[in-house]
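Asker: I need the structure of the sequence given here:
(chains A and B)
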Amino acid sequence: MNEAIKWVKTIKYQWTISLAYRLNFFLEVIAPVLVFFFVQYNLWSAIYGSDPNLMIKGYSKTQMISYFGWTLIVGMISRGHMSGNIAEDIRLGRISAHLVYPFDFWKYHFANFLGFQGIQLFIATITFSVLAIFDIISPPSFIHLFSAVIYCLYVSIFWFVIQFLIGILAFWLSETWILRVIFNLITAFLAGTYFPLEIYPSWFQEIMKVLPFSYIQYYPVKIFMGDLSLLPKSFLIISIWIIPVILITKLAWSRGVRRYTAAGM
Amino acid sequence: MNTYLRVYKKFFETSLAEASSFRTSFILIILMDIVFYFTTLSSVSFIYDHVSTIGPWNKNQLMFFIAFMLTMDHLHMTIVSENFWELSVKIRTGTLDFDLLRPLSSIFSVFFRYVRTSSLVNAPLVWSMLIYYGSELNLSWQQWIMIPPMVILGFTLFVIIEFCLSVAMFWTIEGWGINFLRMQLQQLARWPHFIYGYLPRKFLTIILPILLAGSGPVNFIYDFSSFGLLLGALVAIIVFSLVLKYLWSYALTKYDSPSS
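Answerer: Okay, here's the model as predicted:
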């Protein structure tokens, strides 16, 4: 079968799976980011209270709410994909089939990821429209929007590789969801998901500049908010980090497959 | 009652034996909880570097509230959390039959079967945090005495509401979506009621009173004359217990046991 057809069919398969259980998809993927935004909206409204002139680290109430609006969109595009099924495939011995299929295990999951991203982009577009209509975010110029979306998609590949790496640790661990939760908690805390990095102490911000976390959330949000000058540095930092992560993933895969015993086969 | 205690002891022992055979997961769960506590408390602390109050509360008051919610969350993680995930699997695969056949209350048998023993290790940590933030508030001895029963009361209200929601798994093909819904409610309940706007606050204290689980007890600890929300929590426990009893019986009549 032509290579392209395999990719297209796998992407379509992912759409079918995701949309077969629409309520579950909504509750697992969409609802968490919506609820997070709702909590942050209420929390920061309470923090700013009724003082229209209050500024917190250069953010007015409107700017802070806008920050969380963009956080919602960036979260959907960059950090939506999870690796739960990768670990399950390994633990339940389902990768045995993939090892003999003419379509690699990583290609299969990357195609799934692309299918998932297609849905996420669609939902993010609707979310963007709703937030813009309600004046929570100000739509940037086309070039800003386009550049920021491209950057977010690049970040999402970085995110996929990390999730894939965590997933294939199932060769060694009975449960990988715990590692995934730990990683997601640390990322949310260090990436500027809970609030902009300016809120952290200055020494903490300096450390964050060299780690990849803030380039997953804070920097894309700032780019969406209009600071296009951050784009080259952000691309560079993610590129620097993605290379060792890919190498570690390849190493983990080759070592893991050697350990694989095809449980249940 | 003695029978239930004996059975619960067996549940605990089998959970411990199972957890002990996966030592890496056992340690990682402890680490996961610690990361969660650290990030939650640090986030609130960082916000207070820039403001003196959030709503009517200063830093110590909100930190105590967060520590109170983490203590409740710890009880939740230890005693019931595993069972919600297991329920969705049991309904789908039909292994719920084994729970229903036991000569016990099926609610007890389903929701208290698995204990996350690894989380028990963190008990001293969460209670120490609660005591630390309580001491920062200079609580009186009467207020200290009220803390353990208030934690249990908040925990009871929250899990009864979750039990009611979990009944929906009987009507869904894959029950895990309901578990994600529960997790979103937990996220909403982790903040005091006053941060929410008028309509969501009313909805989350009257219709789906998850905010009463934390705000009711903590407001009462701060000021014994402020018992309105606590009274609401007590009423909610009674109402939702009755709702659960009815919903659970009704759901069991709809359960068609896929394994049979």
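Asker: contacts, neighbours, all on C-alpha from now
Answerer: Noted.
Asker: and the residue most central in space within chain A, how far from B:A189?
Answerer: Central residue of chain A (Cα atoms, centre = their mean): A:R79, 1.0 Å from the mean position. Noted for A:R79: a distance of 24 Å to B:A189, by Cα to Cα, to the nearest Å.
Asker: before we move on, what about B:V121?
Answerer: Distance from B:V121 to B:A189, by Cα to Cα: 24 Å.
Asker: neighbour count: these two, which is higher?
Answerer: B:A189 (21 against 15; other Cα atoms under 10 Å in any protein chain shown).
Asker: ok, the more buried one touching B:L208?
Answerer: No: B:A189 is beyond contact range of B:L208, at 10.7 Å (criterion: Cα atoms under 8 Å).
Asker: excluding chain neighbours, what is closest to residue 61?
Answerer: Here I'm looking at chain A. Closest residue to A:K61 apart from its sequence neighbours, by Cα to Cα, 6 or more residues apart in numbering or on different chains: A:Y48 at 6.2 Å.
Asker: my question was about chain B, not that one.
Answerer: B:Q61 sits nearest to B:L137 (Cα to Cα, 6+ apart), 7.1 Å away.
Asker: distance check, the one you found against A:P212.
Answerer: Distance, B:L137 to A:P212, by Cα to Cα: 38 Å.
Asker: tell me the contacts of B:N83?
Answerer: Contacts here follow Cα atoms under 8 Å, 6 or more residues apart in numbering or on different chains; on that basis B:N83 touches B:110-114.
Asker: ok, back up a step: what's near enough to touch the residue nearest to the centre of chain A?
Answerer: A:156, A:159, A:216.
Asker: got TSV for the residues you listed, with distance to B:F163 and neighbour count too?
Answerer: What follows is these, written out as TSV (distance: Cα to Cα, whole Å; neighbours: other Cα atoms under 10 Å in any protein chain shown):
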residue	distance to B:F163	neighbour count
A:S156	36	24
A:W159	34	19
A:I216	36	28
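Asker: out of those residues, which sit inside helices?
Answerer: Judged by DSSP state H, the contacts of A:R79 include A:156, A:159 as members of helices.
Asker: and chain B, which of the contacts of A:R79 contact it?
Answerer: Counting by Cα under 8 Å from any Cα of the partner chain, nothing from the contacts of A:R79 sits close to chain B.
Asker: show me which of the contacts of A:R79 is closest to B:Y246.
Answerer: A:W159 (44.9 Å; Cα to Cα).
Asker: tell me how many other residues crowd residue 218.
Answerer: I'll assume chain A. Neighbours of A:Y218 (other Cα under 10 Å): 22.
Asker: could you do chain B instead?
Answerer: 28.
Asker: what does the stretch 101-250 of chain A put close to chain B?
Answerer: Neighbours of chain B within the stretch 101-250 of chain A, by Cα under 8 Å from any Cα: A:173-175, A:178-179, A:181-182, A:185-186, A:189, A:194, A:199-201.
Asker: on that earlier part again, so the residue nearest to A:K61 is in contact with A:Y59, correct?
Answerer: No: between A:Y48 and A:Y59 there is no contact under Cα under 8 Å: 10.4 Å.
Asker: so those two - more neighbours on which side?
Answerer: A:Y48 (21 against 16).
Asker: so how far is B:Q142 from the more buried one?
Answerer: From A:Y48 across to B:Q142, the span is 34 Å (Cα to Cα).
Asker: now do B:P103
Answerer: In terms of Cα to Cα, B:P103 sits 42 Å off from B:Q142.
Asker: ok so, going back, and which of the contacts of B:N83 is nearest to chain A?
Answerer: B:Y114 (16.7 Å; Cα to the nearest Cα).
Asker: that closest one reaches B:V80, doesn't it?
Answerer: Yes: contact criterion Cα under 8 Å: B:Y114 and B:V80 qualify, at 7.2 Å.
Asker: sorry, back to before: out of the contacts of B:N83, list just those in strands.
Answerer: Assigned to strands by DSSP state E, none of those qualify.
Asker: which of these sits closest to A:H109?
Answerer: Distances from A:H109 to those, taken by Cα to Cα, are shortest for B:Y114, at 32.6 Å.
Asker: what's the burial count for the closest one?
Answerer: 24.
Asker: that older thread, could the contacts of A:R79 be laid out in JSON lines, adding pLDDT and distance to B:I91?
Answerer: Formatted as JSON lines, the contacts of A:R79 follow (pLDDT from 0 to 100; distance: Cα to Cα, whole Å):
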{"residue": "A:S156", "pLDDT": "95", "distance to B:I91": "35"}
{"residue": "A:W159", "pLDDT": "94", "distance to B:I91": "33"}
{"residue": "A:I216", "pLDDT": "94", "distance to B:I91": "38"}
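Asker: what does stretch B:121-133 contact?
Answerer: If you take Cα under 8 Å, 6+ apart as the criterion, stretch B:121-133 is touched by B:30, B:33-34, B:60, B:63-64, B:67-68, B:70-71, B:74.
Asker: with stretch A:221-230 instead?
Answerer: The contact list for stretch A:221-230, computed with Cα under 8 Å, 6+ apart, reads A:67, A:70-71, A:74, A:138, A:140, A:144-145, A:148, A:219, A:231.
Asker: got it, and stretch B:142-150?
Answerer: B:134, B:217-218, B:221-222.
Asker: run the last query once more with 7 Å
Answerer: With contacts defined as Cα atoms under 7 Å, 6 or more residues apart in numbering or on different chains, stretch B:142-150 is touched by B:217, B:221.
Asker: now that stretch: buried residues?
Answerer: Neighbour counts over stretch B:142-150 (16 or more other Cα atoms under 10 Å in any protein chain shown) mark B:147, B:150 as buried.
Asker: tell me the helices in the stretch 1-150 of chain B, going along the chain?
Answerer: For the stretch 1-150 of chain B, the helices defined by DSSP state H, counting those that start in this stretch cover B:2-20, B:23-47, B:59-79, B:81-93, B:96-101, B:106-111, B:117-120, B:123-136, B:141-166.
Asker: to B:R182, which of these lies closest?
Answerer: Per Cα to Cα, nearest to B:R182 of these: helix B:141-166, 6.5 Å.
Asker: SS state for residue 257?
Answerer: Picked chain A for this. Secondary structure, DSSP: H, G, I helix; E, B strand; the rest coil: A:V257 is helix.
Asker: try again with chain B
Answerer: coil.
Asker: which phi and psi values does it adopt?
Answerer: With angles defined as degrees, to the nearest 10, B:S257 sits at phi 50, psi 80.
Asker: need the contact list for B:A19.
Answerer: By Cα under 7 Å, 6+ apart, the residues touching B:A19 are B:F26.
Asker: mind running it again at 6 Å?
Answerer: With contact set as Cα atoms under 6 Å, 6 or more residues apart in numbering or on different chains, B:A19 has no partners.
Asker: check what pLDDT it gets.
Answerer: B:A19 is assigned 86 on the pLDDT scale.
Asker: for chain B, what lies in contact range of chain A?
Answerer: By Cα under 6 Å from any Cα of the partner chain, the residues of chain B that approach chain A are B:32, B:54-55, B:177, B:180-181, B:195-196.
Asker: in CSV, list those residues along with pLDDT and neighbour count.
Answerer: Shown next, in CSV, are the residues of chain B next to chain A (pLDDT from 0 to 100; neighbours: other Cα atoms under 10 Å in any protein chain shown):
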residue, pLDDT, neighbour count
B:M32, 94, 20
B:I54, 92, 21
B:G55, 90, 17
B:G177, 84, 22
B:F180, 87, 20
B:L181, 88, 21
B:I195, 95, 22
B:Y196, 95, 23
